[in-house]
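# Have a look; sequence and predicted model below, questions after that.
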Amino acid sequence: MEIETFKRIGKRFDVDFDLTGVTTYEPVGCEHCNNTGFYGRIAANEALSVTDDIKDLIISDGTITEIRKAAFAEGYRPLVCDALHKVIQGHTTISEVKKKIGL
């Protein structure tokens, strides 16, 4: 597992990834998955709830830094953090996240 990737992203977005006892996997192909190592799809998601505080910042021409700070305070987490949580849960691999998101 590439612990440094988790540390770097965690530090950047102030997210604590619990890696205790985590086993990550690498794809192994088979006939069922057409030798890709993946079958089906799972989404990594990012959604920003525009709360009253965030709306007020947008209306008042708040800076991106102010809006981002408010969003994080209200629970927003970026796409890359959700993707890394999917790695921890065993739904995907760090190599797939790097390929699709470009870490």
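Great, that's in hand. Numbers count the residues shown, from 1 in each chain.
# OK, contacts around the spatially most central residue of the chain?
Nearest to the mean C-alpha position of the chain, by CA atoms, centre = their mean, lies residue 81 at 2.3 Å. Residue 81 is in contact with 9, 13, 15, counting by CB atoms under 8 Å, 6 or more residues apart in numbering. Heads up, the C-betas are built off the backbone N, CA and C, glycines and all.
# Just the buried subset of the residues you listed, written out for PyMOL, thanks.
To isolate the buried members of those in PyMOL, using 16 or more other CB atoms under 10 Å:
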select buried, resi 9+15
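# from the contacts of residue 81, which is closest to residue 50?
Distance to residue 50, by CB to CB, is smallest for residue 13 among the contacts of residue 81, at 19.3 Å.
# what's the distance between that closest one and residue 26?
The gap separating residue 13 from residue 26 is 25 Å, by CB to CB, to the nearest Å.
# and if you look at residue 45?
In this view, residue 45 and residue 26 are 24 Å apart by CB to CB.
# now do residue 35
As judged by CB to CB, residue 35 and residue 26 stand 14 Å apart.
# Repeat that for residue 78.
From residue 78 to residue 26 the distance is 25 Å (CB to CB).
# These two: which is more packed in?
Comparing residue 78 with residue 26 by neighbour count (other CB atoms under 10 Å), the higher total belongs to residue 78, at 18 against 9.
# Fine, thanks again, bye for now.
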